[in-house]
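# Here's my sequence, what's the structure:
(one chain, ligands or ions: 1)
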Amino acid sequence: MSIIASNFKTNHTRKSTASFINEINSFLKSNEITSEVIVFPTATSLDSFSTLPNLTIGAQNAYPVEKGSFTGELGTVQLDEFSIKTILIGHSERRHVLGESQDEIAKKYDFYKSKGYKIVYCIGEPLEVKEAGLDKTLEYVYEQFDGIDVNYENLILAYEPVWAIGTGVTATNEDITSVHSAIKAKIPKPLLYGGSVKVGNVKEICALEGVDGALIGTASWDVEDFKQIIENTKDL
Ligand code: 13P
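Alright, predicted model coming up:
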């Protein structure tokens, strides 16, 4: 069964997020779809949504504290208010745009692991590494597991090649299967693919050997497209 996750990044408002989540919840209910669906709204749009057990709301990011003096950050006190127990860690935009180091990411991972959160942990290589070949790609990706307890029971991995994120360039099936099979041989955890996944390619990608679902940005922000993505993968 596929895991389909939507990363809102810096999109949607409180109002549009609430209507998106309600619509997806009704869609899952009326079509009796049992896929695991996760939505990561912006921090300002988190709330106590009442959803089916297979529709989970997660945080895109939070600081590794319960509360304290960390201007601009969230801790578990703020997430507990909405019973949020799922978090995205290691996303390439946080690594490369916001400058989070592997050390900071590992600390965050450890903290949220200690709190029992479901962690969707992202890895992926930039273009110049991909161009250096599969061995270099795997070497780079494995370094992103430094300090990460890969045996954690509540771990979902997401392989998102940086060059495929938001670019419209999806990795080829061959790119995906070679990296996925190598990671899966080392770490037997659910492994999602992310990077320019859309309505038209999600089924083919999620049906590939070693792919357990998708983490989707751009193509998931339109609720009709996201419904179609869920529909296209519901029988996998
Ligand atoms: P796009 O689907 O926009 O390429 O983004 C992928 C992603 O970064 C999801 O976390």
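
# how far away is the closest residue to the ligand within the chain from residue 50?
Per Cβ to the nearest ligand atom, residue 217 is where the chain lies closest to the ligand, at 2.5 Å. All C-beta atoms are positioned from the backbone trio N, CA, C, and that covers glycine. Counting by Cβ to Cβ, to the nearest Å, the gap from residue 217 to residue 50 is 26 Å.

# Just want to know which of these two has more residues nearby.
residue 217 (22 against 9; other Cβ atoms under 10 Å).

# any idea which helix is longest in this structure?
For the chain, the helix that runs over the most residues, judged by DSSP state H, is helix 14-30.

# ok now do residue 121, which residues does it touch?
Contacts here follow Cβ atoms under 8 Å, 6 or more residues apart in numbering; on that basis residue 121 touches 89-90, 109, 148, 155-158.

# Which secondary structure element is home to residue 113?
helix 102-114 (DSSP states H and E).

# The chain: helices as residue ranges?
14-30, 76-80, 92, 102-114, 127-131, 134-143, 173-186, 202-206, 223-233.

# Quick check: chain neighbours aside, which residue is closest to residue 212?
With Cβ to Cβ, 6 or more residues apart in numbering as the criterion, residue 212 has its nearest non-adjacent residue at 4.2 Å, and that residue is residue 190.

# since we're on the one you found, how many residues are nearby?
For residue 190, using other Cβ under 10 Å, the count is 17.

# Touching, it and residue 211? I think so.
No - look at residue 190 against residue 211 with Cβ atoms under 8 Å: they stay out of range, at 9.7 Å.

# Report pLDDT for the residue of the chain most remote from its centre.
Within the chain, residue 69 marks the point farthest from the mean C-alpha position, 27.5 Å out by Cα atoms, centre = their mean. For residue 69, the model assigns a pLDDT of 98.
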